[in-house]
Each structure stands twice: as C-alpha cells, then as structure tokens.
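[1] I'll drop the sequence and a predicted model, then ask my questions.
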Amino acid sequence: MLRRRLVIPFLVLLAALGLGATVYAQLESTDRGILPLDTSTTLEIGGIHVDVGGPDAMSARYAGWQIAQRQGFRALWAKMHNAPINQAPTLPDATLDQIVSSINVDREEIGPHRYIADLSVEFDRDRAAPFLGVEGAQVTEHSVPMLLIPVTVTAGTESSVELRNAWQRAWAQFRTAQTPINYVRVSGMGADPLLINAAQTNRPGRGWWRALLDMYGAQDILTAEVQLQRAYPGGPARGRFIARHGPDNEIVGGFTLTAPSSEAIPAMMAEGAQRIDAIFAQALADGRLSRDSSLNLPAPPVQVAPVQAPPPKPVNVVNAFQVQVTGSDVSIYNFAMAHLRTLPGVDSATPQQINPTGTSYVLVAYHGTVAQLAAALSARGWTVDFSGTVVRIRSATDKPPPLPPKPVAAPPQPAPAAQAPTTNQAGATG
C-alpha cells in the first residue's frame, strides 16, 4: 500500500523534471536560427547567370566574375532609374573592382576549362552612388519599423525561430538595402523562441503585442508564413506563401512555389522571401499597411474634478432672549413693549410675566446677538445692561422714552394753473 501511494508523487516529479529539462534545452540550445545580415551599406543585384570558358579553371572563374560585375552594374543602374538595361552606362573593370563589395555564389559548376554559376553582386553604397547617378543610392521612403515573424507550417507543426529552418535563414540572408520595408528581424537567440513564436501570431491580446513591439523597437507586425508540403523525403516540395499584417493576421497576399527536390528548397525559400517583400512593398505603396489603432496605448481616464458645493449663505439666525422691564408705572411696561415690537430685527415679543409696578419678563425673538439687542434698546433711550441671554432695561427717569416718530409722507404738490391770456393796451389778445 505504501508503494502505491508513492507512485503518483514520483510520476509527478518525473514530469516536472522533464518539462524543466525541455525548457532549459530550448533556452540553451544554439541550433536556433542565424543572425540577420546587415546590408545597410551595400546594394545587391542577384540572378546573374554566367557561362564562360578559359585556358584553366581559375581563369574561367575569374572571367565569369568580371562578367557578373559588368552585368550587375548595368542591371542595378536600370533598376535604380527604372529604365531599360540597354541605356545603362558601361564602366571599366578597374572601376568596377573599386565599387564592388563582394560576389556571392548561389550555385556554381567548375570544370577544367569552363565555369557555370549563378551569382549575386554587392556594390558599396557610397562608392557606387556617383556612378549610379543617385545621391547616397537611396530607394523610396522607408516604412515604420515592422517586426517580421517568419512562420513555417510543415507536417502539421507550426514553428518560427525555435529551431533553424530554411524559411528563417532565407529572411536572415535577405538583402534589405533596396526594400521600402524597414524590417526588424529576429535571430532566435536569447529569449526569441519564447517571445516570437508561431503561437504568438494567433494571440489577440493587445497588451502583450504592445510589450513585444516596445521590446524590439518596432511599431507594427508583419507575418511571413510558408506552408511546406513534401511529396516524399528528399523529393519534390510545394510551398504556399502567405503575407500577413497586423495583430489580427490580415492576409495581404500569397502565391505558390515548387521545388524539384529537397536540395532546391533553400532556393525556393529565398525566392519566396523576395516575392513576399514585393507584396509588402506594394501594400505599403497602396496604403494598406496602416498601424492598427488598438496597438496604441489607451488614453488615460479623465479625472473628473469633484464638484464643490457653493459655500452656504450666511443664515440670519433668530435668537431668543429674555428682556426684563423694570418700572414703577404700567405706562413704562406698555412703552417697553411698543419699543420691542417696533425694533428692527425683532420677530416677536411675547409677555411671560407682567408686573406693572415691578419687573416684567418678555421673551423676544431677535435676529442678532444679545449685545446688538442691548445696543438697539440703549439707542432708544433705555438704560440697559445684559448678561448671558438676559437683557435688563429701565427708564432713566420716571417717564418712559418716547417712541420714534413715524415718517410722514410729503403732501402732493398741486399742478401749476394755466396762465390766463394777456391783453395789451390796444385790446388785442396776445
């Protein structure tokens, strides 16, 4: 029973170790693509076929390379000026030797007296510019930096740069000096297999796409996909090439190429890369490679300032005070009540206790403080003192203070009488 209990944890441990070893091998393996070639300082023209003889193999090879230089310069001039090749100038071999940077051999057959090859010629950009008639040998305006993800689909498996493959090599060796697309190519080194893989092209999340673009210094995404089918190992192969754009894998164009054997697959991939680049360049010229607006960072939320209520208006609070009226005659109490009821700011004056020959108590509702009420009564001629909420008043003499006179309206002015007509001495009316 104890052994059976230990079987499951042991199997889980083995699975974890195997997964860790797989990830480690994927990160540490050096068989994961090649570095892209830097062609920013050269101009290349390819597809030059030479077939030349000579007294020996080396002489024939050297003669073939000289022919490739002549044909390459004329083809490059015609391409730069969009003119027929027969209008291109002819330069001496000594000048061509100065401006040619390198000659790349795509395929060659060397015999004792014959040399057959397919060559590519690279010209130094700065040295060839005066002879090409284009300052700096610049091509059309470049696009924004675009992250290129090469995807290979074969035998039901999708891969990008996890392992070396002919499609990644074709893009690494692609000459970008004369293309309007500003490619950002990956090599498969470091963390590239974990970040730039086939599964990433199918992820819709924009947050991770933004992080990848920032990490690789790009602004948009291009996906070059090839679906490779082999008739049998080592036999003919068929490749379906698809150009895609954006985080949603929108199809820009596509085509199909075939290779007679597995040995011709690298050449087919190289041709596919050139034709995919032509599709991207045409789409750029047509305005179809616009950056998806969802790749932009969302606008920060608008901070709504809290609405501050206007400060409350000062409220004229009604206070209740007790007014004590002291007098020896009922007339003093009556005049005190008259003064209180006519005093500005008094809402009401309610008798609480009436003592005509002593102290009477009156409850007064007043808009103001006790000091203001005392000052108003003092201005009416009363002798006043106060403490707390109690105001004590008395007459300075035995007679109560008189009430303030009521304002009397001015009598209306009579209208001026009409002036009687005057009579002059002659009796005429004037």
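    It's in.

[2] C-alpha only now, for contacts and for neighbours.
    Will do.

[3] need phi/psi at the nearest residue to Leu340 once chain neighbours are set aside.
    Leaving aside its chain neighbours, Leu340 sits nearest to Ala349 (6.5 Å; criterion: Cα to Cα, 6 or more residues apart in numbering). Per-residue torsions, Ala349: phi -130, psi 110 (degrees, to the nearest 10).

[4] CA atoms only for stretch 353-363, dumped as CSV, please.
    Extracted C-alpha coordinates of stretch 353-363, given in CSV (Å, rounded to 0.1, in the frame of the first residue of the first chain):
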residue,chain,number,x,y,z
GLN,A,353,-44.9,87.6,33.3
ILE,A,354,-46.4,91.1,33.7
ASN,A,355,-45.7,93.2,36.8
PRO,A,356,-46.6,96.9,36.1
THR,A,357,-45.1,98.2,39.4
GLY,A,358,-42.1,95.9,39.4
THR,A,359,-40.2,93.7,36.9
SER,A,360,-41.9,92.2,33.9
TYR,A,361,-40.5,89.4,31.7
VAL,A,362,-40.8,89.4,28.0
LEU,A,363,-39.5,86.7,25.5
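
[5] so where do the strands sit in the stretch 101-250 of the chain?
    Secondary structure of the stretch 101-250 of the chain (DSSP state E, counting those that start in this stretch): strands at 114-124, 145-154, 157-159, 182-184, 220-230, 237-245, 250-259.

[6] so which of the ones you listed gets nearest Ala78?
    Closest approach to Ala78 among these (Cα to Cα): strand 114-124, 14.4 Å.

[7] ok, and what's touching that closest one?
    Taking contacts as Cα atoms under 8 Å, 6 or more residues apart in numbering, the residues outside strand 114-124 that touch it are 41-54, 56-57, 60-61, 64, 68-69, 72, 99-110.

[8] quick one: strands adjacent to it?
    strand 42-53 (antiparallel), strand 100-110 (antiparallel) (DSSP bridges).

[9] now tabulate those in JSON lines and tack on mean neighbour count and mean pLDDT.
    Converted to JSON lines, the strands paired with strand 114-124 look like this (neighbours: other Cα atoms under 10 Å; pLDDT from 0 to 100):
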{"stretch": "strand 42-53", "mean neighbour count": "19", "mean pLDDT": "86"}
{"stretch": "strand 100-110", "mean neighbour count": "15", "mean pLDDT": "88"}
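
[10] my guess is Arg288 is in a strand, correct?
    No: following the definition DSSP: H, G, I helix; E, B strand; the rest coil, Arg288 is coil and is not counted among the residues of a strand.

[11] and of the strands paired with strand 114-124, who's closest to Phe241?
    The nearest among those, by Cα to Cα, is strand 42-53 at 20.7 Å.

[12] could you say what helices and strands the helix or strand just after the closest one packs with?
    Note on strand 42-53: by DSSP states H and E, the next helix or strand toward the C-terminus is helix 57-81. Helix 57-81 is packed against strand 42-53, helix 93-99, strand 100-110, strand 114-124, with contacts defined by 3 or more Cα pairs under 8 Å, 6 or more residues apart in numbering; DSSP states H and E.

[13] quick check: which of those is nearest to Ser331?
    Comparing the helices and strands packed on helix 57-81 under Cα to Cα, the one sitting nearest is strand 42-53, at 122.0 Å.

[14] next, the angle from that closest one to helix 57-81.
    Angle, strand 42-53 to helix 57-81, by axes from the mean of the first three to the mean of the last three Cα atoms, to 10 degrees: 140 degrees.

[15] distance between strand 42-53 and the chain's centre?
    Computed by Cα atoms, centre = their mean, to the nearest Å, the separation of strand 42-53 from the middle of its chain amounts to 47 Å.

[16] list the contacts of that strand.
    The contact list for strand 42-53, computed with Cα under 8 Å, 6+ apart, reads 60-61, 63-64, 67-68, 71-72, 75-76, 101, 113-125, 175, 177-178.

[17] skipping its backbone neighbours, what lies nearest the residue most central in space within the chain in space?
    For the chain, the residue nearest the mean C-alpha position is Leu297 (3.1 Å; Cα atoms, centre = their mean). Spatially, and ignoring its direct neighbours in sequence, Leu297 is nearest to Arg210 (8.0 Å; Cα to Cα, 6+ apart).

[18] ok, Ala68 next?
    Of all residues beyond its chain neighbours, the one nearest Ala68 is Ile48 (6.3 Å), with distances taken as Cα to Cα, 6+ apart.

[19] now do Asp292
    Gly246 (6.7 Å).

[20] okay, the one you found: pLDDT?
    Confidence per residue is given as pLDDT, and for Gly246 that number is 92.

[21] so how far is Pro260 from it?
    With distances taken as Cα to Cα, to the nearest Å, Gly246 is found 33 Å from Pro260.

[22] now swap in Gln178 and tell me
    Between Gln178 and Pro260 the distance is 29 Å, computed by Cα to Cα.

[23] between these two, who's got more neighbours?
    Set side by side, Gln178 and Pro260 show unequal neighbour counts under other Cα atoms under 10 Å, the larger going to Gln178 at 18 against 13.

[24] and that one, how far from Ala278?
    Here the distance between Gln178 and Ala278 works out to 11 Å (Cα to Cα).

[25] check Pro236 too.
    When Pro236 is compared with Ala278 (using Cα to Cα), they lie 25 Å apart.

[26] rewinding a little: show me what the residue nearest to Ala68 is bridged to.
    The residues that Ile48 bridges to, once DSSP bridges is applied, are Leu119.

[27] doesn't Gln282 belong to a helix?
    Yes: assigned with three-state DSSP, Gln282 falls within a helix.

[28] please tell me how far it sits from Asp220.
    As for Gln282, its distance to Asp220 is 17 Å (criterion: Cα to Cα).

[29] and these two? which has more neighbours close in?
    Asp220 (24 against 15).

[30] skip the chain neighbours and tell me the closest residue to the more buried one.
    Taking Cα to Cα, 6+ apart as the measure, Asp220 lies nearest to Met146, with 4.7 Å between them; neighbours along the chain are not counted.

[31] roughly how far does the one you found sit from Gln71?
    As judged by Cα to Cα, Met146 and Gln71 stand 33 Å apart.

[32] closest one to Gly388 among the strands paired with strand 114-124?
    Distances from Gly388 to each of those were compared using Cα to Cα; the minimum, 101.5 Å, belongs to strand 42-53.
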